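# here is the input, now give the coordinates:
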Amino acid sequence: MVAASQEDGKREIVEVYELANDSSVTRVAAGQAPVWSAVLPDGATDIRVGQSDLSEDAIRTDSGRVSVYAPLAPGIKQLSYAYRLETRSFPLSLPVEGEAAVLEVLLEEPNAMARAPGLQRVDPVTVESRTFNRFLAQEVAQGGVLRIDVANALRP
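Residues are numbered from 1 along each chain as shown. A predicted model of the protein is given here:
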């Protein structure tokens, strides 16, 4: 979710993941290797963990990544985190580092666009009285790139 630009020129980004362990055993971190990790964009500030099924103590944000060191028992665990980016960080490109059953992108700016393999614009959604353009893809392969362009960062 990418919020509209705030008075200070920054945008809040919220990322939400459902971490699935489809096996019959609990996955555990091996030394310094996390059980799950995702890249943070260059320039991300004010990084904070949101609602999560995992202990905040087991989630680290360093070396340009969000990493989970909590054991992941079989099933699905939700993880969310937020950060802020300057408008000059857009267009924003984020790698698709793992396969995803569903990729959903919500953009508050009316003219904002999201692009990735298989990503389609669908009906807008309202969250907490705010309207977001909604983009959806299913069965997203690893190795793609999600590109987000926001209204006042779009190039002619």
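# any idea of the mean pLDDT in the helix or strand hosting Val105?
Element membership for Val105, per DSSP states H and E: strand 100-107. Computed over strand 100-107, the mean pLDDT rounds to 94.
# and stretch 52-66, by the same measure?
Taken as a whole, stretch 52-66 carries a mean pLDDT of 91.
# same question for that stretch: list its buried residues.
By neighbour count with 16 or more other CB atoms under 10 Å, stretch 52-66 contains the buried residues 52, 54, 58-59, 66. In short, each C-beta sits where N, CA and C put it, glycine included.
# so what secondary structure elements neighbour the lowest-mean-pLDDT helix or strand in the chain?
Averaged element by element with mean pLDDT, DSSP states H and E, the chain has its least confident helix or strand at strand 59-62 (a mean of 90). Applying 3 or more CB pairs under 8 Å, 6 or more residues apart in numbering; DSSP states H and E, one finds that strand 59-62 contacts strand 45-52, strand 65-68, strand 75-86.
# and of the buried residues of stretch 52-66, the nearest to Ser80?
Distance from Ser80 was checked for each of the buried residues of stretch 52-66 by CB to CB. The minimum falls on Ser52, at 6.1 Å.
# what count of nearby residues applies to the residue nearest to that closest one when sequence neighbours are not counted?
Distances taken as CB to CB, 6 or more residues apart in numbering put Leu79 closest to Ser52, at 4.8 Å, once the chain neighbours are dropped. The number of residues packed around Leu79, counting by other CB atoms under 10 Å, is 21.
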